[in-house]
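Colleague: I need the structure of the sequence given here:
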Amino acid sequence: MNPSSSSDTITKEIFIECRPETLFSFFTDPDKLVRWMGRHVLLEPSIGGKYRIDVNGSDIAIGEYKEINPYEKIVMTWGWEKSKVVPPGSSTVEFRLTPKDNGTLLTLKHYDLPASEAASHQQGWTHYMDRLQSLAQGQDPGVDPWSEQAMH
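Modeller: As a prediction, the model looks like this:
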C-alpha cells in the first residue's frame, strides 16, 4: 500500500462543564465559534450548508455540514482552501456531545486525514478544544495567538 493513500483518524475527548445545549451553539453560531477558532467565520448550519473558517488570513478551513443532530452530534467535511494535501471536503470531522455528570463529554473524531497531516491536526484540535472548554465554561480564552500566524 503506498504511504500517500494511508489515512489516519484523530480522536480526542474533553469534559466540559456546561450543558450539551450550550456547547452545541458553539458549533452552529458564528459569533460563538469565532471566539474559539478563527478570525472570520461564515456558517450555514444546515445539512449541505457550507462553512468557511478563516484561521489567520492565509489558512482557511472550508467544508459542509453532513449531519446535525441538535445537542448530540455534528458531522462536517473538512479541508483547507489552497491545500493539495487536505483539500476542502477531503476529510471529515465528527463532534459528539454526551451528557455526563454536570456537563458534557465532547468527543472529536477527524477521519481520512493523510498520515503526514495527522500530527499537525492533532495539535490543532488540542489547541482549539482547550479554548472551547474555557469559553463554554464561562471564561474568556482571549484572542487566539494562532490567528496571528500562518500554520502551513
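Colleague: Which neighbours in the sheet does the biggest strand by length in the chain have, and how are they oriented?
Modeller: Assignment by DSSP state E gives strand 103-114 as the longest strand of the chain. Its sheet considered, strand 103-114 pairs with strand 7-16 (antiparallel), strand 91-100 (antiparallel) by DSSP bridges.
Colleague: can you list contacts of it?
Modeller: Contact with strand 103-114 is made by 4, 6-20, 23, 78, 85-86, 90-99, 121, 125, 129, 132, as judged by CB atoms under 8 Å, 6 or more residues apart in numbering. Bear in mind the C-beta positions are built from the backbone N, C-alpha and C, glycine included.
Colleague: Reformat the strands paired with strand 103-114 as a markdown table; add mean neighbour count, distance to residue 136 and mean pLDDT.
Modeller: What follows is the strands paired with strand 103-114, written out as a markdown table (neighbours: other CB atoms under 10 Å; distance: least, CB to CB, whole Å; pLDDT from 0 to 100):
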| stretch | mean neighbour count | distance to residue 136 | mean pLDDT |
| --- | --- | --- | --- |
| strand 7-16 | 15 | 5 | 95 |
| strand 91-100 | 18 | 11 | 98 |
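Colleague: closest one to residue 48 among those?
Modeller: strand 91-100 (14.3 Å; CB to CB).
Colleague: C-alpha coordinates for the closest one, PDB please?
Modeller: In PDB, the C-alpha atoms belonging to strand 91-100 read as follows (Å, rounded to 0.1, in the frame of the first residue of the first chain):
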ATOM      1  CA  SER A  91     -11.600  14.700   5.400                       C
ATOM      2  CA  THR A  92     -14.500  14.500   7.900                       C
ATOM      3  CA  VAL A  93     -14.800  15.800  11.400                       C
ATOM      4  CA  GLU A  94     -17.400  14.500  13.800                       C
ATOM      5  CA  PHE A  95     -18.200  16.100  17.200                       C
ATOM      6  CA  ARG A  96     -20.300  14.000  19.600                       C
ATOM      7  CA  LEU A  97     -21.800  15.600  22.700                       C
ATOM      8  CA  THR A  98     -22.700  13.200  25.500                       C
ATOM      9  CA  PRO A  99     -24.300  14.400  28.800                       C
ATOM     10  CA  LYS A 100     -22.200  13.300  31.700                       C
END
